[in-house]
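Chemist: Generate coordinates for the sequence data below:
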Amino acid sequence: QKKSQQQQQRKTRRRRPSVDLKDDDDDDDLKDDFDFDFGERKREQNRRSASSSSRRRSEERPRSSVKSSSSPSSSPSSGPVVPSLYVSSCGGSEAVALEKWRKTLKWRLENAADDALRRPQPKYHAVKRLYPHYLHGRTRGGEIVLWELVGALDTGPLRRGEVSTDDAFRHFVFVHEFLSAKFDGEETKLVTILDVAGLRFSQVDSFLIKLISAASQVVDNLVPYRARRIYVANAPSWFSAVWNSGIKRALPATVRDKVQVLHAKHLPQTLADLLEEVPKEYGGDMPLGQHDDELAMLEAVCLLNAGGSLDLLFPGGGGGGGGGGVGGSLGSHQERLRDDGRAPLEHNDDREDDDDDAAEYGDESARLLPMSAGTTTTTT
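Modeler: Down below sits the predicted model:
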């Protein structure tokens, strides 16, 4: 009965608002009840509508952010952004390139590559005297040119312990990090010219092999696809023997097939066709060591050794690998340079009979170990 009465009262309340309520006190109460009930329902509807709108916005926000990162390589779920040079060098396979790039990032972390442009370089000049090398312009195809004067090599500091293999290793990391910061980041391409004029047979020993191995380890792990070509200039007659028995094995696997020997007879014309700026020593105008790119690297070293920051030279943070450059660090150095296990050539201390030894060894080795056409081509 109570329920029936309550239902009857509710029906009455719904009908009563249409009645004139001005002169009836009881009806004023009913009007107030009706206004209260109607207001509550309206407010409840507003709260539900606001809650529903808020929920829809929160659901739509993640979807819009994922959509803005439409490229698979830039999506957070697909890992780090892979440099296009890696993709093109891996035959267009993004999966293979991504795996190789992750190995590069891991190596950078283990060897503190991101710190190279923040640390002083106290052995910079010593390594340059030990193994002269200079930046000098670009090729006509746009690659950076690095000259390495192997014939002017002086392994004395290595023998005396003044410079260690690890010092050389750190130096080459710095050079490549500088190239990334100054030029095109991980897309930087490099052409190296190895001038072996003046190289003596006795200099091709374990110290030279270790030095080349240190440089090769950096190239193979830090910038595996940067070296586009390697030209060997002024090679002596016995060079093919030591190339096959020692030097070639010390080079990264990624660059062995890119080596080309230039005959001395055609060297001037070949360099003129290849390079935008030929050094003075090879018929051009500007001497090696005086190019703006080389002087910029020297300026960076002087600034670091004086306790300064390269942010003055590279305000944008540089272009170092893994988004590092001058700013940001991926970690601290955890692994030192290790022996790669290759059997180096025995050191020959007898320098007086270099020519006789070279001729005897070179003639015999040229017959037994000819330079492989598959790994080295000759420009005629």
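Chemist: per-residue confidence at the nearest residue to D154 once chain neighbours are set aside?
Modeler: Excluding its sequence neighbours, the residue lying closest to D154 (Cβ to Cβ, 6 or more residues apart in numbering) is L130, at 5.7 Å. C-beta here means a position set from N, CA and C on the backbone, and glycine is covered the same way. Looking at L130, its pLDDT stands at 92.
Chemist: now K248
Modeler: 67.
Chemist: Okay, and the beta partners of I193?
Modeler: Taking DSSP bridges, one obtains W147, Y231 as the residues bridged to I193.
Chemist: Worst mean pLDDT across the helices and strands of the chain, which element?
Modeler: helix 354-368 (a mean of 36; mean pLDDT, DSSP states H and E).
Chemist: Tell me if I am right that G141 is in a helix.
Modeler: No - with DSSP: H, G, I helix; E, B strand; the rest coil as the criterion, G141 is assigned coil and is not in a helix.
Chemist: give the contact list for the nearest residue to D167 once chain neighbours are set aside.
Modeler: Closest residue to D167 apart from its sequence neighbours, by Cβ to Cβ, 6+ apart: K123 at 4.4 Å. When contacts are counted by Cβ atoms under 8 Å, 6 or more residues apart in numbering, K123 touches 163, 167, 170-171.
Chemist: hmm, try it at 10 Å
Modeler: By Cβ atoms under 10 Å, 6 or more residues apart in numbering, the contact list for K123 reads 130, 157, 162-164, 166-168, 170-171, 174.
Chemist: which strands and helices sit next to the strand or helix carrying G137?
Modeler: Using DSSP states H and E, G137 sits within strand 133-138. Applying 3 or more Cβ pairs under 10 Å, 6 or more residues apart in numbering; DSSP states H and E, one finds that strand 133-138 makes contact with strand 144-149, helix 165-182, strand 190-195, helix 292-305.
Chemist: contacting residues around A197?
Modeler: 149-152, 233-236, 264, 267, 281.
Chemist: For E99, state which of those residues is nearest.
Modeler: E99 has its nearest neighbour among the contacts of A197 in V150, at 33.7 Å by Cβ to Cβ.
Chemist: Confirm for me that the closest one is in contact with I230.
Modeler: No - between V150 and I230 there is no contact under Cβ atoms under 10 Å: 11.4 Å.
Chemist: More neighbours: which of those two?
Modeler: The neighbour count for V150 versus I230, taken as other Cβ atoms under 10 Å, is higher for V150 (24 against 21).
Chemist: quick revisit: tilt between the strand holding G137 and helix 292-305?
Modeler: Per axes from the mean of the first three to the mean of the last three Cα atoms, to 10 degrees, the angle that strand 133-138 makes with helix 292-305 is 130 degrees.
Chemist: Send over strand 133-138 as PDB, restricted to the C-alpha atoms.
Modeler: Once non-C-alpha atoms are left out, strand 133-138 reads as follows in PDB (Å, rounded to 0.1, in the frame of the first residue of the first chain):
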ATOM      1  CA  HIS A 133      96.700  12.000 -42.100                       C
ATOM      2  CA  TYR A 134      94.900  15.100 -43.200                       C
ATOM      3  CA  LEU A 135      91.400  16.200 -44.300                       C
ATOM      4  CA  HIS A 136      91.500  17.900 -47.700                       C
ATOM      5  CA  GLY A 137      88.300  18.800 -49.400                       C
ATOM      6  CA  ARG A 138      85.800  16.600 -51.200                       C
END
